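Undergrad: no sequence on this one, just coordinates:
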C-alpha cells in the first residue's frame, strides 16, 4: 500500500525541489463568522478549520493531507490556540508534539505567524518555509502542490523574494487581497514581480485590479525563513521582540499575550513590501476561501452538489419536493 510520503516521492520525480523545505499550517483563527453553520453541523460552534464541511473531512485534515505531498511529516508544523488543543490534536495525530505551536489566544494572523517563524528558527534555521492556511477549498491537491514546488524552486534561486500563489479572479471580491502584476520573472513561467498588494478593495477598485491582470492572494506563501524574519524585524519590531521573548520563555506566554495587540499580516506586512514579492499564477486549480457560508455554498453549487446540511434540513422536515434541493444546483 502506497503511503502519503511515498506519494511525495512520486510527486517529486524529476523535479529539482530544495530539500530544506518545511511547512507551516495556520490554524489559529476562531472563525466566528461561521459559528451558525458549524453549530448546525457539529452541534456546537467550532472554528471552521476543525469542522467537517466537505466529504466528512475538516479543512484542517484536508490541508494536512495536501501538505504531506509537499514535505515529510517531520517537517510539517502547525500553529493553534490553547483553547482549541482538544479539537486540533484529534485531527493531527501524525504530527509530533514539538511541531505543534500553541499560542494562548488568537491575535489575528500577524502575531501567530511571527511566533511560529521564531519557533521554526530554533528547529530549521536555514529553511525555506511554505505557509498554508487551513480554511481553503482546493479541488486538485497534486496540481496545487506542484505550483508550491514552483514557488519553492523560485525562492531557492531568488532568496530575497517572497513567492505568493495567486488565483485569477472571476468576480470582484471585496474580502480578498489582490496582487497587481509588474514585469514577468524570467526564471519562472507565469510568475511576475508585484507592483502593489491591495487588501480588501472596494468593488470598483477590485474591477480595476482585475482589468489590470490582478490575482487573488491565496495567502500560500513561500520564503526563506531568515529573509522573512529580517523583514518582520524591520516592519513590526514591537511584535517581533515580544514574540522572540515568548519563543524563549514559553512559561510567560499568558503574561506576554496580554500585551500583544491583534494585527493582520497582509495589511501590516504584505501591503508594505510589494517590491519583495513575486506572484505565481495558478490557472488549473479551483480555489475558494471558505470564510463565509455564501462562499462554501457557492463552491457546492459549482460542483453540482447539495450541501449535506441542506439535505439534513430537508430530511428533518420530511421534504420530498425535488425543487427544495435543485435550487442549490447550477
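TA: Cool, got the structure. Here the structure is a predicted model, which means the values were calculated and not measured.

Undergrad: Any buried residues in stretch 194-201, and which?
TA: 194-198, 201 (16 or more other Cβ atoms under 10 Å). C-beta here means a position set from N, CA and C on the backbone, and glycine is covered the same way.

Undergrad: Filter those down to just the ones in strands.
TA: Mapping these onto strands (DSSP state E) picks out 194-198.

Undergrad: could I get these as a markdown table with pLDDT?
TA: A markdown table is the format used below for those (pLDDT from 0 to 100):
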| residue | pLDDT |
| --- | --- |
| 194 | 98 |
| 195 | 98 |
| 196 | 98 |
| 197 | 97 |
| 198 | 97 |
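
Undergrad: and which of those is nearest residue 296?
TA: Among these, residue 198 lies closest to residue 296 (Cβ to Cβ), at 24.8 Å.

Undergrad: how about the closest one, what does it touch?
TA: Going by Cβ atoms under 8 Å, 6 or more residues apart in numbering, residue 198 touches 177-178, 180, 205, 209, 214, 271.

Undergrad: re earlier: for the buried residues of stretch 194-201, which one is nearest residue 142?
TA: Set against residue 142, the nearest of those by Cβ to Cβ is residue 194 (26.5 Å).

Undergrad: Pretty sure that closest one sits against residue 183.
TA: No. Taking Cβ atoms under 8 Å as the definition, residue 194 is not a contact partner of residue 183, at 10.0 Å.

Undergrad: of all the buried residues of stretch 194-201, which comes closest to residue 307?
TA: residue 201 (29.1 Å).

Undergrad: now the chain, which segments are flagged as low pLDDT?
TA: 1-15, 312-330 (pLDDT under 70).

Undergrad: Tell me which residue is most central in it.
TA: residue 133 (1.7 Å; Cα atoms, centre = their mean).

Undergrad: can I assume it is in contact with residue 220?
TA: Yes. Contact between residue 133 and residue 220 holds when scored by Cβ under 8 Å: they sit 7.1 Å apart.

Undergrad: Name the next helix or strand downstream of the helix or strand where residue 63 lies, please.
TA: Assessed by DSSP states H and E, residue 63 sits inside helix 59-67. Sequence order places strand 76-81 as the next helix or strand after helix 59-67, per DSSP H and E.

Undergrad: Which strands or helices does whichever helix or strand comes after that following strand pack on?
TA: Remark: after strand 76-81, the chain's next helix or strand is helix 85-91, criterion DSSP H and E. Under the contact definition 3 or more Cβ pairs under 8 Å, 6 or more residues apart in numbering; DSSP states H and E, helix 85-91 sits against helix 59-67, strand 100-103.

Undergrad: With respect to residue 291, which of the ones you listed lies nearest?
TA: Among the helices and strands packed on helix 85-91, helix 59-67 comes nearest to residue 291, with 10.8 Å by Cβ to Cβ.

Undergrad: Run through the strands of this structure in chain order.
TA: Under the criterion DSSP E, the chain contains strands at 21-26, 52-54, 57-58, 76-81, 100-103, 128-133, 136-138, 162-167, 177-184, 191-199, 215-224, 277-282, 287-289.

Undergrad: Adding distance to residue 92, write those out as TSV.
TA: Output for the strands of the chain, formatted as TSV (distance: least, Cβ to Cβ, whole Å):
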stretch	distance to residue 92
strand 21-26	8
strand 52-54	15
strand 57-58	10
strand 76-81	6
strand 100-103	7
strand 128-133	13
strand 136-138	17
strand 162-167	23
strand 177-184	27
strand 191-199	29
strand 215-224	19
strand 277-282	26
strand 287-289	21
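
Undergrad: So what sits opposite the residue nearest to residue 216 when sequence neighbours are not counted in the bridge?
TA: Using Cβ to Cβ, 6 or more residues apart in numbering and skipping residues adjacent in sequence, the residue nearest residue 216 is residue 167, 4.5 Å away. As for beta bridges, residue 167 partners with residue 216, residue 282 under DSSP bridges.

Undergrad: My guess is residue 167 contacts residue 220. True?
TA: No. Assessed by Cβ under 8 Å, residue 167 is found out of contact with residue 220, at 9.9 Å.

Undergrad: neighbour-wise, which of those two wins?
TA: residue 220 (23 against 20; other Cβ atoms under 10 Å).

Undergrad: about what we covered before: nearest to residue 101 among the ones in strands among the buried residues of stretch 194-201?
TA: residue 197 (25.7 Å).

Undergrad: beta partners of that closest one?
TA: Residue 197 forms beta bridges with residue 179, as assigned by DSSP bridges.

Undergrad: So it sits against residue 177, correct?
TA: Yes. Using Cβ under 8 Å, residue 197 is in contact with residue 177, at 6.5 Å.

Undergrad: show me the contacts for residue 232.
TA: For residue 232, the residues meeting the contact criterion (Cβ under 8 Å, 6+ apart) are 114, 117, 239-240, 269.
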